[in-house]
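> pasted the sequence and its predicted model underneath.
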Amino acid sequence: MLWSTHGPFAEGKLRVFAAELGSALGFLHDFGVIHRDVKMENILINDKGHLKLTDFGLSHRLRRGERAYTICGTMQYMAPEVLSGGPYNHSSDWWSLGILLHVLATNRFPVEPETDHSAMLVSVQMADLTPPATVSHSLALLLAELLCKNPLRRLRLLDHFAHQHFFQGLSFDPDLLQKLPMDSPLSAEKLTALPDPFRDFDGDFLGEERLTLPLAG
């Protein structure tokens with residue numbers, strides 16, 4: 001897999017990746033949609049080095065104040081409230097993003113995999129999620145906010161995410177993000193056409209209008 005062979009990403013590149021993925025989550029959450037499977041395998045990179053969030057097969061729309069209870073997703077990315085069977089909401093996506101960013105920054109998961117959800121929950125609850133000293137102070141603070149085990153205290157809003165010190169000086173405007181020069185680690189490979197990101201939704205899931213993720217290039 002690209003992510004494991006590339007090694008830790010430089011924080012300058014990671015800032016843009018995080019901003020693009022955070023913007024995608026914020027966009028979905030504004031429509032009540034929880035992704036529920038944010039992970040490496042569902043992140044594509046285009047020929048300009050920018051990211052796209054894909055695979056909405058496990059996505060679910062929550063009404064205001066509604067909670068989900070289905071245990072689904074990929075265990076090493078699941079928030080503790082998902083592993084325990086809920087209730088959970090959009091905050092769990094931000095936990096998954098925190099796991100993903102931790103892996104991109106360190107080339108390792110903060111918690112080792114387990115054989116089942118119960119064992120994984122225990123491991124997550126007992127884990128020291130303090131980032132290694134190899135990451136900057138501002139990135140460590142961001143990861144700590146995202147990987148807060150209490151979903152009520154976790155960073156879970158795009159506005160709060162964008163105002164983290166790690167993103168100082170970076171605009172979250174989707175058009176400006178897409179114009180930032182990024183060296184693509186896939187420069188020697190041919191990218192296939194990207195699938196319709198909403199192909200797994202019911203026809204009227206988001207109403208009659210078609211929506212485009214801010215990451216679409």
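Received, thanks. Source: prediction; values computed, not measured.

> to what extent is the nearest residue to M182 once chain neighbours are set aside buried, counted in neighbours?
Closest residue to M182 apart from its sequence neighbours, by CB to CB, 6 or more residues apart in numbering: G49 at 3.0 Å. Where C-beta positions appear, they are placed from N, C-alpha and C, glycine not excepted. Using other CB atoms under 10 Å, the number of residues around G49 comes to 17.

> below-threshold pLDDT in this protein: ranges please.
Scanning the chain for pLDDT under 70 picks out 1-7, 183-217.

> any idea which helix or strand comes after the longest helix along the chain?
If you go by DSSP state H, the chain has its longest helix at helix 11-30. Later in the chain than helix 11-30, the nearest helix or strand by DSSP states H and E is strand 33-34.

> how about the secondary structure of K52?
Following DSSP: H, G, I helix; E, B strand; the rest coil, we place K52 in the strand state.

> what strand or helix carries the residue nearest the centre of the chain?
When CA atoms, centre = their mean is applied to the chain, the residue found nearest the centroid is L97 (2.9 Å). L97 is part of helix 91-106, with elements assigned from DSSP H and E.

> which strands or helices does the longest helix of the chain pack on?
Applying 3 or more CB pairs under 8 Å, 6 or more residues apart in numbering; DSSP states H and E, one finds that helix 11-30 makes contact with strand 51-53, helix 91-106, helix 137-146, helix 158-162, helix 174-179.

> could you measure from the nearest residue to L129 once chain neighbours are set aside over to S96?
Ranked by CB to CB, 6+ apart and with sequence neighbours excluded, the top spatial neighbour of L129 is L147, at 4.7 Å. According to CB to CB, to the nearest Å, L147 and S96 sit 10 Å apart.

> check D37 too.
D37 is 8 Å from S96, by CB to CB.

> which one's more surrounded, those two?
Per other CB under 10 Å, whichever of D37 and S96 has more neighbours is S96, with 25 against 21.

> residue contacts, that one?
35, 37-39, 73, 77-79 (CB atoms under 8 Å, 6 or more residues apart in numbering).

> what's the answer for M126, then?
M126 neighbours (CB under 8 Å, 6+ apart): none.

> the nearest residue to P132 once chain neighbours are set aside and H160, how far apart?
In this structure, P132 finds its nearest non-sequential neighbour in T106, 5.9 Å apart by CB to CB, 6+ apart. To H160, T106 is 23 Å away according to CB to CB.
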